[in-house]
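Engineer: Structure, please.
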Amino acid sequence: MYNRKQTFINSGNESIFLWGVRQTGKSTLLKQIFPDALWYDLLLSSDYKRLLDNNGLIRERILADESIKTVVIDEIQRLPELLNEVQWLIVNKGIRFILSGSSPRRIRQSGANLLGGRALRYELYPLVSAEIPDFDLIRALNHGLLPKIYDANNHTKLLDAYIGNYLQDEIVAEAKLRNVDIFNRFLQIAAITNGEIVNYTNIATETSVSTTTVKEYFQILQDTLLGRYLPSFQKRPKRRVVMAPKFYLCDVGIVNSLLKRSKIDFGTEIFGKAFEHFIYQEIYAHSSYSGLEYAISYWRTSSGFEVDFVLGDHQVAIEVKSSDNVNSRNLKGLRAFAEEYSVEKLIAVSNDPYPRLTDSILILPWKVFLQRLWSREII
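Structural biologist: The predicted structure is shown next:
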């Protein structure tokens, strides 16, 4: 069992929503934290059908047993109408609800009661390095970081099943998409362009749909937590900067499966992209789990200078390099950014064997960077 970094869900007595894509380990974590809670799993047909037929059963059960103080409802998006009962029990009986789900999209689109601010929102992401004893980077880049798949030896089959059962079936059904083949083609293009600047027109041409439809598809991925935009850093630019966002899928393993990637290893052509994606996953999870909630963006000028990740209000600029010997040529983007903004830390994350400092730029081996990130020494 992994020691997860998402600890805020048990920091008080508030009711919460805990969101996260399938197989991030939400149920395992909640059973560990709330072993004595009354539990409803809406993936179980017995729980789902009883509450579908009569939402009030949950209220009747709680009113009959004064010892019940905490209730977990797993996959709450399957029955958004339960939230009316949940609010009544929070307000009138002081019951704490832990509402877990793989997608808030259905609840938002159903117009269901979102509890009027009575429940805090948290998210559980795929595993991060600080949660894994004897963390193996190459395993992470090949398997991805969904717990069950990271641990498995037959990761390729499990990832393919994940894509088929979850992304291509459940997400299509939830979004009520009519043309499944086109959406599947879009998923392929989204994987090909993962971590790159989004060009809606090009993607629309590749998928033979309108740019409006492409934007809707990206919104579906974002709403179902399967991906997110990385915005461009645009604060008072002196140089002309690229304004369009990038887009990252939520896990490097999902990208591997969609692209049918061969084995990723140090020095291979595909290592660099997967490595950058992994570092982004770590930074994004850290921003959330640490409670700092700092902004993450990228910076690129029209002349080609680029910084992979800008943290906060240009406090930290990070460039990710797969090289084991970062040189001056690899640091042009960081230098250009430092000419334009006052930066507390300029960092190149790489495969270098030991830390180095050159021209105020700190070159950190990825292990050292991750240790410092999770020790709150980066930001």
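Engineer: only C-alpha atoms for contact and neighbour calcs from this point on.
Structural biologist: OK.
Engineer: how far does the lengthiest helix in the chain sit from the chain's center?
Structural biologist: The residue-count maximum for a helix in the chain (DSSP state H) belongs to helix 271-289. Taking C-alpha atoms, centre = their mean, to the nearest Å, one finds the center of helix 271-289 at 9 Å from the center of the full chain.
Engineer: burial count for G12?
Structural biologist: When neighbours are defined as other C-alpha atoms under 10 Å, G12 has 7 of them.
Engineer: before we move on, what about T201?
Structural biologist: 15.
Engineer: wait, doesn't it sit right on T211?
Structural biologist: Yes. With contact defined as C-alpha atoms under 8 Å, T201 reaches T211; the gap is 5.8 Å.
Engineer: In the stretch 101-250 of the chain, what residue spans correspond to helices?
Structural biologist: Applying DSSP state H, counting those that start in this stretch to the stretch 101-250 of the chain gives helices spanning 105-110, 137-143, 147-151, 155-162, 172-175, 180-192, 200-207, 211-223.
Engineer: Adding distance to I279 and mean pLDDT as columns, could you present those helices in a markdown table?
Structural biologist: Shown next, in a markdown table, are the helices of the stretch 101-250 of the chain (distance: least, C-alpha to C-alpha, whole Å; pLDDT from 0 to 100):
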| stretch | distance to I279 | mean pLDDT |
| --- | --- | --- |
| helix 105-110 | 27 | 76 |
| helix 137-143 | 10 | 98 |
| helix 147-151 | 16 | 97 |
| helix 155-162 | 20 | 95 |
| helix 172-175 | 29 | 75 |
| helix 180-192 | 17 | 93 |
| helix 200-207 | 25 | 96 |
| helix 211-223 | 19 | 94 |
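Engineer: Relative to I283, which of the ones you listed is closest?
Structural biologist: helix 137-143 (15.3 Å; C-alpha to C-alpha).
Engineer: Give the other helices and strands that that closest one contacts.
Structural biologist: Here helix 137-143 touches helix 147-151, helix 252-259, helix 271-289, going by 3 or more C-alpha pairs under 8 Å, 6 or more residues apart in numbering; DSSP states H and E.
Engineer: Give the next helix or strand downstream of the last one.
Structural biologist: Toward the C-terminus, helix 271-289 is succeeded by strand 296-300 as the next helix or strand (DSSP states H and E).
Engineer: Mind listing residues that contact that following strand?
Structural biologist: 230-234, 241-242, 284, 305-312 (C-alpha atoms under 8 Å, 6 or more residues apart in numbering).
Engineer: which one of the residues you listed is nearest L44?
Structural biologist: Y284 (32.0 Å).
Engineer: residues near the closest residue to that closest one other than its chain neighbours, how many?
Structural biologist: Sequence neighbours aside, I296 is the residue nearest to Y284 in space, at 7.4 Å (criterion: C-alpha to C-alpha, 6 or more residues apart in numbering). For I296, the count of nearby residues is 23 (other C-alpha under 10 Å).
Engineer: Check I296 and give its pLDDT.
Structural biologist: Here the pLDDT value assigned to I296 is 98.
Engineer: residue contacts, the residue nearest the centre of the chain?
Structural biologist: Residue closest to the average C-alpha location in the chain (C-alpha atoms, centre = their mean): C250, at 4.4 Å. Residues counted as contacts of C250 (C-alpha under 8 Å, 6+ apart) are 126, 225-228, 281.
Engineer: cool, and G267?
Structural biologist: Counted by C-alpha under 8 Å, 6+ apart, G267 has contacts S322.
Engineer: doesn't F97 make contact with I76?
Structural biologist: No. Using C-alpha under 8 Å, I76 is not in contact with F97; the gap is 11.0 Å.
Engineer: These two: which has the busier surroundings?
Structural biologist: I76 (28 against 24).
Engineer: got the phi/psi numbers for that one?
Structural biologist: phi -60, psi -30 (degrees, to the nearest 10).
Engineer: Nearest residue to it in space, please, no chain neighbours.
Structural biologist: G101 (5.5 Å).
Engineer: confidence score at the one you found?
Structural biologist: The model's pLDDT for G101 equals 93.
Engineer: residues touching L42, list them.
Structural biologist: Taking C-alpha under 8 Å, 6+ apart, we find L42 in contact with 48, 73-76, 78-79.
Engineer: so the closest residue to G56 other than its chain neighbours, which of the three states?
Structural biologist: Of all residues not flanking G56 in the chain, E85 sits nearest, at 6.9 Å (C-alpha to C-alpha, 6+ apart). Three-state assignment for E85 (DSSP: H, G, I helix; E, B strand; the rest coil): helix.
Engineer: what do you get for the one 4 residues further on?
Structural biologist: For L89, the secondary structure call by three-state DSSP comes out as helix.
Engineer: Give me the phi and psi for the closest residue to it other than its chain neighbours.
Structural biologist: Nearest residue to L89 in three dimensions, chain neighbours excluded: I95, at 5.8 Å (C-alpha to C-alpha, 6+ apart). Per-residue torsions, I95: phi -70, psi 140 (degrees, to the nearest 10).
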